[in-house]
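**Student:** Just need the structure, nothing else, for what follows:
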Amino acid sequence: MLVAVSLAWGVSWPALKIALNDIPPFSMRVGTSGLATVVLFALALLRRRNMRIHSSVAAVHLVVAGCLNIACFTLFSAFAQLATATSRVAVLAYTMPIWAALFAYPILGERLNVICAISLLLCAAGLTVLIYPLLGSSDLIGLVLALATAVSWAAGTVYLKWARIDADPMAISAWQLVVALVVTFAGALTFEGSLHLWPAPARALWALAFSGLVGSAFAYVLWFEVVRRLPATTAALGLLSVPVIGIVASVLILGERLTVADIVGSALILTAAASVLLAPNARSSETAPIEQ
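**Tutor:** Numbering: from 1, shown residues only. I've put the predicted structure just below:
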């Protein structure tokens, strides 16, 4: 199941890029979030899961978490893919454990240990290797947005742990998707005038459907089972294969070419993320990743 989740999320990165070639980013994200929301609520109904949120305070927490974990993640990653290579975005998005460790220090009181310090140095080195050849190019905007993707995901992860929402895990994920759907729909009306999902080439629509159904809904259902059966850190470390799969899929499907800087920088960054997850206080791995 962990392999299937990793494949679903990894292949979703080039699929999103294909959809973005013909569908504007806000409309595209309305499509993926909408499909995932409908499927997740339908599955919850079939499984008789309790989807109620029992207090207004918990509802407010879910709105904040949904904006950070899903709305910001999905929109930042989409605009990042329009500005730079999908393979770079996939790698930088998974620097999340590093930023989560930094946020957890003042908010959750988790100490930064030697492993975290080494991880930060490795991440800084990896970013330097990635960024230096791109100085003066428009790709820098994409890298900044990709980092914003990771930072928003990390902030949402730590916020959820701080809020301690008392609800079914599937309900927490599904309602965050609803929040993201509302935000992206409002963005589509504001910045794109209306939804632009049709007419669109079949290739783009298939890619959108894959991202929404397989990369989000299907992967979520499997992820719930993975978290239930495996230790959280084991599951999170397994998901570090997602950016690797994303890189390989981007090369094979999109025809992207990796430079030496891409390979070295990505290796350093993924090593840094793995080191944070292996640290004794790496609690950020306990929260399920959000939809792609």
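**Student:** Could you use CA atoms for every contact and neighbour count after this?
**Tutor:** Noted.
**Student:** what about the lengthiest helix in the chain, distance to the chain center?
**Tutor:** Counting by DSSP state H, the longest helix found in the chain is helix 139-163. Centroid displacement of helix 139-163 relative to its chain, using Cα atoms, centre = their mean, to the nearest Å, is 9 Å.
**Student:** what's the model's confidence in that helix, averaged?
**Tutor:** Here helix 139-163 scores 92 as its mean pLDDT.
**Student:** swap in stretch 61-71?
**Tutor:** Mean pLDDT, computed over stretch 61-71, is 94.
**Student:** before we move on, back to that, give me the buried positions along the longest helix of the chain.
**Tutor:** For helix 139-163, burial by neighbour count (16 or more other Cα atoms under 10 Å) applies to 139-140, 142-161.
**Student:** Equivalent analysis for stretch 114-131, please.
**Tutor:** Quick answer for stretch 114-131 (16+ other Cα under 10 Å): 115-117, 119-120, 122-127, 129-131.
**Student:** next one: stretch 262-277
**Tutor:** So, applying 16+ other Cα under 10 Å, buried residues of stretch 262-277: 262, 265-277.
**Student:** how about Arg52, secondary structure?
**Tutor:** Following DSSP: H, G, I helix; E, B strand; the rest coil, Arg52 is assigned to coil.
**Student:** Then Asp166?
**Tutor:** Counting by three-state DSSP, the backbone at Asp166 sits in coil.
**Student:** Identify those among the buried residues of stretch 114-131 that sit within helices.
**Tutor:** 115-117, 119-120, 122-127, 129-131.
**Student:** Distance of Leu258 relative to Ser266?
**Tutor:** To Ser266, Leu258 is 10 Å away according to Cα to Cα, to the nearest Å.
**Student:** With Ala65 instead?
**Tutor:** Distance from Ala65 to Ser266, counting by Cα to Cα: 28 Å.
**Student:** ditto for Tyr132
**Tutor:** Per Cα to Cα, Tyr132 is found 14 Å from Ser266.
**Student:** buried ones in stretch 201-221?
**Tutor:** Here stretch 201-221 shows 204-205, 207-221 as buried, counting by 16+ other Cα under 10 Å.
**Student:** buried residues in the helix or strand harbouring Ala59?
**Tutor:** Element membership for Ala59 (DSSP states H and E) is helix 56-66. By 16+ other Cα under 10 Å, the buried positions in helix 56-66 come out as 58-59, 61-66.
**Student:** Kindly indicate which of those lies nearest Leu35.
**Tutor:** Ranked by distance to Leu35 (Cα to Cα), the buried residues of helix 56-66 are led by Gly66 at 16.3 Å.
**Student:** Hmm, that closest one is touching Ile172, no?
**Tutor:** No. Contact criterion Cα atoms under 8 Å: Gly66 and Ile172 do not qualify, at 9.0 Å.
**Student:** what residues are up against Tyr105?
**Tutor:** 111-112 (Cα atoms under 8 Å, 6 or more residues apart in numbering).
**Student:** Ignore what I typed, I meant Gln81.
**Tutor:** Applying Cα under 8 Å, 6+ apart, we find Gln81 in contact with 17, 89, 142.
**Student:** So what does it have for phi and psi?
**Tutor:** Main-chain torsions, Gln81, degrees, to the nearest 10: phi -70, psi -20.
**Student:** I figured Gly238 hits Leu2, correct?
**Tutor:** Yes. When contacts are counted by Cα under 8 Å, Gly238 is listed as touching Leu2 (7.0 Å).
**Student:** Compare those two and say which is more crowded by neighbours.
**Tutor:** Taking neighbours as other Cα atoms under 10 Å, Gly238 and Leu2 compare with Leu2 leading, 20 against 15.
**Student:** Around the closest residue to that one other than its chain neighbours, count how many other residues there are.
**Tutor:** The shortest distance from Leu2 to any non-neighbouring residue, by Cα to Cα, 6 or more residues apart in numbering, is to Val226 (6.3 Å). Look at Val226: counted by other Cα under 10 Å, it has 19 neighbours.
**Student:** Sketch out the low-pLDDT regions of this structure for me.
**Tutor:** Residue ranges of the chain with pLDDT under 70: 224, 227, 231-236, 279-292.
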